[in-house]
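# below: sequence and its predicted model.
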Amino acid sequence: MSLLDYLLSGKKLKKAKKLTFDARQQEGEKADLLFKQAYDSFSDVSESYSKYADALYYWGFALLHQAQTKPSDEAIKIFEEAINKFSFCKTIAPKHLGAMVDGGVALLGQAKSKKVNLDDDLYIKAKESFESAENIQNGSASYNLACMYALQNEGDACLKALENARDHGLVPDEQDIINDDDLQNIKKLSWFAEYINSLEAKEEDEDEQKIVEIYESDD
């Protein structure tokens with residue numbers, strides 16, 4: 001691969017990522033147009049580019065987010081394309097953490113769009129993808145696994161995964177957790193409110209620690 005080809009691939013990937021960001025800020029036809037432009041830029045990145053696995057990941061990432069804006073009948077095809085990009089990425093870079101996590105999210109989204117049963121292969125593969133991410137980096141997909149356990153009414157496993165996500169600082173905001181439909185089955189359990197309170201307490205402790213560090217740095 002020539003130096004020029006390398007530089008051009010880098011610029012195309014950067015452009016595609018920028019278009020993806022812009023698309024996520026828009027809605028409807030304007031968003032779709034920007035997503036399309038992003039996909040065209042991703043497709044122009046050379047397969048011999050050293051960061052081609054990342055290009056595939058970000059391509060899948062863009063498709064995933066577009067799929068999440070669509071009704072189920074339209075989302076199915078887009079989720080499928082995202083799953084294919086994440087799978088290709090993992091073929092090139094077997095330990096690509098982003099492809100593991102977001103690949104699982106795409107599989108889960110596809111399962112919901114198709115309204116399949118919880119024992120369907122899509123749910124199984126999504127869980128396996130999250131578990132693979134956890135093997136690469138503990139906590140990286142703990143919240144995603146918690147959602148899987150909640151859907152399957154496995155309360156104890158869900159709590160353990162939520163606690164691990166919290167301890168690694170990889171959880172959404174409290175309100176997002178409360179509003180997460182995937183957790184619907186466990187919100188009635190006695191420990192759920194306690195868990196939410198533990199997030200608030202952890203945040204207060206972290207704020208206090210930051211204040212202490214500021215004062216110590218001034219000494």
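Received, thanks. This structure is a prediction, so every number in the text was calculated from the model and none was measured.
# which residue is the nearest non-sequential neighbour of residue 132?
residue 100 (4.9 Å; Cβ to Cβ, 6 or more residues apart in numbering). Using the backbone N, CA and C atoms, a C-beta is placed for each residue, glycine as well.
# touching, the one you found and residue 90? I think so.
Yes: when contacts are counted by Cβ atoms under 8 Å, residue 100 is listed as touching residue 90 (7.1 Å).
# which of the two has more residues huddled nearby?
residue 100 (27 against 19; other Cβ atoms under 10 Å).
# got the contact list for the helix or strand harbouring that one?
Using DSSP states H and E, residue 100 sits in helix 97-114. For helix 97-114, contacts defined as Cβ atoms under 8 Å, 6 or more residues apart in numbering pick out 53, 56-57, 60-61, 63-64, 67-68, 72-73, 75-76, 79-80, 82-83, 86-87, 89-90, 93, 120, 122-123, 125-130, 132-133, 136-137, 140-141, 144, 147-148.
# report the helix or strand with the lowest average pLDDT across the chain.
helix 190-218 (a mean of 64; mean pLDDT, DSSP states H and E).
# what number of residues lie near residue 54?
Residue 54 has 19 neighbours, counted by other Cβ under 10 Å.
# just give the closest residue to it, not the sequence neighbours.
Closest residue to residue 54 apart from its sequence neighbours, by Cβ to Cβ, 6+ apart: residue 13 at 7.2 Å.
# tell me the mean pLDDT for the host helix or strand of that neighbour?
In this structure, residue 13 sits in helix 3-24 according to DSSP H and E. In this model, helix 3-24 has a mean pLDDT of 87.
# return the set of buried residues in it.
Within helix 3-24, the residues scored as buried using 16 or more other Cβ atoms under 10 Å are 9-10, 12-13, 15-17, 19-20, 23-24.
# quick revisit: hmm, the residue nearest to residue 54 is touching residue 42, no?
Yes: the pair residue 13 / residue 42 is scored as a contact, 7.4 Å apart, by Cβ under 8 Å.
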